[in-house]
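**Student:** How does the following fold in three dimensions:
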Amino acid sequence: MNWREAYLTQALSDYEVFQELNTGRYPKCHKLHYLQMATEKLAKGFLCSPRGLPPKKTHFAFVRFLKVTKKRPKIRKGLGFGSDHLAYSAYIDSLLPVAERIEKLVPIGGALDKINAEYPWVDSTRQVHCPCLHTFPDLQKTELVRIQTLVSDLFRISRLYTVLMPR
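**Tutor:** Okay, here's the model as predicted:
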């Protein structure tokens, strides 16, 4: 197995957990945590060379990947946009704000003052918040559905790049 296959396979596993959590009445933080992990690893899988070194150690890969896809005709065509670069670019640009908010859900360096999907944090009024009780109002259901559609389609076309491990 190479790095690309490993990242895409793990991303699919994380995404399957996200989908399972999405069918139940679980706190939104758990759904967002798995969606964030799936999108990060999916991006790294597409961005890394199948024979090269592992991808850069960062949680911030999904937005960069989406921007890069605007210059990858194979991905554009695989997502059903054919040669319509302008429509595809507009589609990706429309998803960047929500992708950025998902990407920023990771806890960085033990910061206790940053909203995230995994650890409690304190706000500017010194009130402590718990992720499982937070509603994450800046991530609306319609936006998340649009990201889910993109992610599902990216997994579908990932087979053009590599073969995911059978389950």
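
**Student:** quick one, what contacts the closest residue to Phe136 other than its chain neighbours?
**Tutor:** For Phe136, ignoring the flanking residues on the chain, the nearest one in space by C-beta to C-beta, 6 or more residues apart in numbering is Lys28 at 5.3 Å. Using the backbone N, CA and C atoms, a C-beta is placed for each residue, glycine as well. With contact taken as C-beta atoms under 8 Å, 6 or more residues apart in numbering, Lys28 is in contact with 134-136, 139.

**Student:** and what of Lys67?
**Tutor:** The contact partners of Lys67, taken as C-beta under 8 Å, 6+ apart, are 92, 96.

**Student:** how does it look with 10 Å?
**Tutor:** Shown in contact with Lys67 (C-beta atoms under 10 Å, 6 or more residues apart in numbering): 89, 92-93, 96, 99.

**Student:** of all those residues, which comes closest to Asp113?
**Tutor:** Ranking the contacts of Lys67 by separation from Asp113, with C-beta to C-beta as the measure, puts Ala99 on top at 22.9 Å.

**Student:** just for the chain, where's the confidence low?
**Tutor:** Applying pLDDT under 70 to the chain picks out residues 50, 110, 160-167.
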